[in-house]
Structure formats: C-alpha cells, structure tokens
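Q: no sequence on this one, just coordinates:
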C-alpha cells in the first residue's frame, strides 16, 4: 500500500455552463520516503491535485487514501487534524509573520497543536538548527534574506515532524544560488529524515533533485519519469 493513493479523482469547479473540470480522473501513487516533482503547464491540474493531497480541498469524485484512510470521507475537523499531525507545507511566498521572530514563526504550528511553551520552544530551536539558522532565531523576516526566510518557512513546516512535506514552487522567489541551497536542504530532509516530499515546480533544474517526476496535462497525469541519475 502506497502512502498516498489517488484513484479516478476528478474536480469540477462551478456548475452548469460555467463548470470547469480541473481534474479528469487522476490516478497517482506516492510511496513513503519518495521525493516527487510535479510539473506541467499552468491549468494542467497540478495545483488542484496538490490542494487535494494537502487536505485543503476534496475531490468531486474518486478516492484519496492517505495511509489507507479514505480522506474524502473525513469531516473538516478530521482533515484539519490530519494536516496538523502528518503534513507540512512550504510556499513560494514564505508566508511568515512580519513582526515576529524566526523562532516565533516556527513555533506557530505547535501553538495550534496546544503544546506547552517549553516543548514548542525546544522543538522550534531544533528545527531552526536543522536548517542552519539557529543563530538567526531572534531576527524578524525583514532582517533575513530571501533564502533565509524560506529556510525559516521550511523549519516551520518540519517542526511538527510531518510524514509528508508539500512544497509549492519553493524556489520561485529566489535567485539561482539560493535556489540550489533550498533544494539541497529539501534533498537532505528527504534522504536523512525520510520525509516524503511532493514539490510543484516549473523549473527542470529544480525537478532534477527529485527521484520521480510526474507531469500533468489537461487534468490528467501524462507521464511518470524515474530520475535515473538518482535511482
């Protein structure tokens, strides 16, 4: 059994003449410990699929199983619990709180979990150390470079020790050198901690870090390519 399984997943937005079918029957498997790059032209369905995988949306029809559990049958509260316990998210825009320190930004998911101050502080410091920013813990986002801000965002995503990390264009706002740093960090998290990573990217150079490349086209998975360099 795969960690993530989609079977016949469709997604329709709107109704009647204005209805748009974003997904047309997607079948997809992601194994535990895999690093998957999701690619394809805009409108191909990759972002809609990622929203479903991240429990931010539900299929119109079809089945999404996470660790064997049919996610589409869960309540909103149960899906929120699944997100908090098993999933981490990294976005192109960092999404950090501007007036709070790096440490406080990283602590946020643990506050939502109800962890006590001592526990969340220790976990946040460990996560910042893991991404090489322990000495920047007291700095606000304005005092950090773009690459450092994305590292804080990654620390925030891994502080809950997720099984899956979803990354949406994580290098989209970074220059080439910073992009390589972030991709090497994601690769290390996958390799050393076994975190499953699903990353949306338009950049072949970034996708090359993944063990598997999945291409979407017109609402369907067009092809699945194994990166022979990493195989």
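A: The structure has been received and is ready for your questions. None of these values were measured; they are calculated from a predicted model.
Q: and the longest helix for this structure?
A: helix 176-193 (DSSP state H).
Q: that one packs against which elements?
A: Here helix 176-193 touches strand 35-40, helix 146-158, strand 164-168, strand 196-200, helix 204-207, going by 3 or more C-beta pairs under 8 Å, 6 or more residues apart in numbering; DSSP states H and E. Bear in mind the C-beta positions are built from the backbone N, C-alpha and C, glycine included.
Q: now tabulate these in JSON lines and tack on distance to residue 215, mean pLDDT and mean neighbour count.
A: Putting the helices and strands packed on helix 176-193 into JSON lines (distance: least, C-beta to C-beta, whole Å; pLDDT from 0 to 100; neighbours: other C-beta atoms under 10 Å) gives the following:
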{"stretch": "strand 35-40", "distance to residue 215": "5", "mean pLDDT": "96", "mean neighbour count": "24"}
{"stretch": "helix 146-158", "distance to residue 215": "25", "mean pLDDT": "94", "mean neighbour count": "24"}
{"stretch": "strand 164-168", "distance to residue 215": "17", "mean pLDDT": "95", "mean neighbour count": "23"}
{"stretch": "strand 196-200", "distance to residue 215": "12", "mean pLDDT": "96", "mean neighbour count": "24"}
{"stretch": "helix 204-207", "distance to residue 215": "10", "mean pLDDT": "94", "mean neighbour count": "16"}
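Q: so can I have TSV of the ones you listed showing distance to residue 10?
A: Formatted as TSV, the helices and strands packed on helix 176-193 follow (distance: least, C-beta to C-beta, whole Å):
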stretch	distance to residue 10
strand 35-40	17
helix 146-158	29
strand 164-168	21
strand 196-200	20
helix 204-207	26
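Q: mind listing what's buried in the longest helix of the chain?
A: 178, 179, 180, 181, 182, 183, 185, 186, 187, 189, 190 (16 or more other C-beta atoms under 10 Å).
Q: could you do stretch 73-83 as well?
A: Buried, per 16+ other C-beta under 10 Å, within stretch 73-83: 74, 79, 82, 83.
Q: identify the residues contacting the most centrally placed residue in the chain.
A: Closest residue to the average C-alpha location of the chain: residue 166 at 0.9 Å, with C-alpha atoms, centre = their mean. Contact partners of residue 166, counting by C-beta atoms under 8 Å, 6 or more residues apart in numbering, are 50, 53, 54, 87, 88, 89, 90, 197, 198, 199.
Q: from the buried residues of helix 176-193, which is closest to residue 115?
A: residue 189 (21.2 Å; C-beta to C-beta).
Q: my understanding was that the closest one contacts residue 158; is that so?
A: Yes - between residue 189 and residue 158 there is a contact under C-beta atoms under 8 Å: 6.5 Å.
Q: list residues touching both of the two?
A: 130, 165, 195.
Q: list the contacts of the residue nearest to residue 190 when sequence neighbours are not counted.
A: Counting by C-beta to C-beta, 6 or more residues apart in numbering, residue 190 lies nearest to residue 35, which is 4.5 Å off, once chain neighbours are set aside. With contact taken as C-beta under 8 Å, 6+ apart, residue 35 is in contact with 186, 187, 190, 196, 197, 199, 209, 210, 211, 212.
Q: so what's residue 35 bridging to?
A: Here residue 35 sits in beta bridges with residue 197, as judged by DSSP bridges.
Q: tell me the spacing between it and residue 183.
A: Remark: distance between residue 35 and residue 183 (C-beta to C-beta, to the nearest Å) = 10 Å.
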